[in-house]
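Asker: just the structure for this:
(one chain, ligands or ions: 2)
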Amino acid sequence: MEVIFRNVSFSYNYKKENEKQALKNINMCLENGLIHGIIGPIGSGKSTMLELMNGITMPTNGEIIIGKYNLIKKDFNFNKFRYDVGLVYQFPEKQFFCNTVGEEIAFTEKVFSPKNKNIKNKVIKALKMVGLDESYIMRSPFSLNNGEKRRVAIASVLISNPKLLIMDEPTIGLDNNSKKRLMRMLKKLKTMYSKTIIIVTHDVDMLYEIVDNVIVLNKGQIVIEGDKLNVFANVELLEKNNTPVPNVVKVEKMIYDKTGIDLGYLPNMNSLVRAIKDAKEKSEVIPYE
Ligand code: ADP
Ligand code: MG
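Answerer: Ligands and ions are numbered 1, 2, ... in the order given. Alright, predicted model coming up:
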């Protein structure tokens, strides 16, 4: 689902003496079927932006349109909107309270459609989407490792088959292997299940590998947005705005500045090392030919 912000501003404590403007005049259009990343320093307005997309908080000014829903006009069935837009909070597994993974994932579905007899199938499907098999259904969610817990939490949102999945810091607190698995899973959700995904994160290395577009926020405003290659080509601008730059981009820039060699898009450090090795082998072979 496409997400459109038109002249959106938001203030906490609006018109009170402690008013705090968190977003200023945001205009953006996040295309359907892609993975979008929102980055920027602490306090730049990222979480506020996600809350506005969730339809619970209303902007102080402007208009937000998500797919067919105009969040300002509110002329739609809010339950349907809830099905179409899934929000995964930071550390979602902290909210686990059921005895089994199956109950945990089925919980919202049971609340929204208590007569639905197909719940077990839906649970299995949601588990499959996050790369876990049926054997997890009877396990205690508290017995899982952090990566598995995170995926169960995501499955509990995916059970309603949202078209748009919004995530606040999905990789936070995960070890490298769990992160990699989660990244593969997110890519699959886009390519196999046609989800539009919006990710807020500090983990720009992860983001660089999987996103299509990036929005950079600072002090409640958009600094730059667009295709990730274009956005991350602006290393100075990002650093000036206290926004981290992926390591692979920094090293590639250093190589380019020193040698003039442009290695092109490489998703991560491993692929960079491989590219350098390949380049070295070629350059060693050529003189003997
Ligand atoms: P981020 O997620 O990028 O760290 P937030 O969206 O949480 O940023 O916050 C944006 C700005 O709004 C910050 O200056 C923050 O202090 C302020 N803010 C966030 N939540 C509240 C609140 N409940 N009341 C008042 N100000 C808030
Ligand atoms: Mg935040």
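Asker: which of the residues in stretch 146-159 are buried?
Answerer: 147-159 (16 or more other CB atoms under 10 Å). Placement of C-beta: from N, CA and C, glycine included.
Asker: and which of the residues you listed is nearest Leu30?
Answerer: Leu30 has its nearest neighbour among the buried residues of stretch 146-159 in Val157, at 18.4 Å by CB to CB.
Asker: contact partners for that closest one?
Answerer: 86-88, 92, 108, 165 (CB atoms under 8 Å, 6 or more residues apart in numbering).
Asker: if we go to 7 Å?
Answerer: 86, 88, 165 (CB atoms under 7 Å, 6 or more residues apart in numbering).
Asker: same check on Asn230?
Answerer: No residues are in contact with Asn230 under the rule CB under 7 Å, 6+ apart.
Asker: where does the stretch 151-289 of the chain dip in pLDDT?
Answerer: Applying pLDDT under 70 to the stretch 151-289 of the chain picks out residues 284-289.
Asker: go with 50
Answerer: For the stretch 151-289 of the chain, applying pLDDT under 50 flags the ranges 286, 289.
Asker: can you give me the strands for this protein?
Answerer: 3-12, 20-30, 35-39, 61-66, 69-70, 85-88, 164-168, 196-200, 213-218, 221-227 (DSSP state E).
Asker: including mean neighbour count and distance to ligand 1, could these go into TSV?
Answerer: Putting the strands of the chain into TSV (neighbours: other CB atoms under 10 Å; distance: least, CB to the nearest ligand atom, whole Å) gives the following:
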stretch	mean neighbour count	distance to ligand 1
strand 3-12	18	3
strand 20-30	18	4
strand 35-39	25	8
strand 61-66	18	15
strand 69-70	17	22
strand 85-88	22	14
strand 164-168	22	8
strand 196-200	24	7
strand 213-218	22	7
strand 221-227	17	11
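Asker: just put the ones you listed in CSV and tack on distance to Ser283.
Answerer: Formatted as CSV, the strands of the chain follow (distance: least, CB to CB, whole Å):
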stretch, distance to Ser283
strand 3-12, 46
strand 20-30, 42
strand 35-39, 35
strand 61-66, 51
strand 69-70, 56
strand 85-88, 46
strand 164-168, 42
strand 196-200, 38
strand 213-218, 33
strand 221-227, 31
